[in-house]
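**Q** Sequence and predicted structure, then a few things I'm wondering about:
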Amino acid sequence: MAQQHPKICLVCSSGGHLTQLHMLEPWWHDKDRLWITFDKEDANSLLKGEHVIHCFCPTNRNLHNLLRNTALAWRVLRRERPDVIVSTGAAVAVPFMYLGRLFGARTVYIEVFDRIDRPTLTGRLIRPITNLFVVQWPTMERVYKGSVNLGSIF
């Protein structure tokens, strides 16, 4: 019997967040996956040929788009039913991680590379509900108790 791969939902802002999540291609390339990110030129070119659902931006400290992305997360997660949600942030991760847990998905958050000694707002918000919280610097293990340092993605 063939091994069934889990369905992965990769959630991130465009720019550096997307770059870091995309660098994990050796892990996700053979999995059934979908991407949630901004409708921006860098994201569209990097993810050409991928299953992409665009979320609303800007997201940081934007209550209106948080509500719109929460409704989007509800629709997407109900329809797609991913087994695992992986994110490098930023704010778009919050509704997908919380609702993903509600729908029974495992959640993995990877704190971004440029944070070496203090938490991000997104990291603080979702740390309590993640199944696996990954940091890229040893100093961040003290910032996020119970995190796992897997080293740099770069």
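**A** Done, it's in. Residues are numbered from 1 along each chain as shown.
**Q** Could you list the residues in contact with the lengthiest helix in the chain?
**A** Counting by DSSP state H, the longest helix found in the chain is helix 63-80. Helix 63-80 has contacts (C-beta atoms under 8 Å, 6 or more residues apart in numbering) with 7, 9, 34, 36, 53, 55-59, 91-92, 94-96, 99-100, 103, 105. Every C-beta, even on glycine, is put in place using the N, C-alpha and C of the backbone.
**Q** Tell me the helix or strand right after that helix.
**A** Next in sequence after helix 63-80, counting helices and strands by DSSP states H and E, comes strand 84-89.
**Q** could you check the angle helix 63-80 makes with that following strand?
**A** 160 degrees (axes from the mean of the first three to the mean of the last three C-alpha atoms, to 10 degrees).
**Q** rewinding a little: out of the contacts of helix 63-80, which sit inside helices?
**A** Applying DSSP H to these, the entries found in helices are Val94, Pro95, Phe96, Leu99, Gly100.
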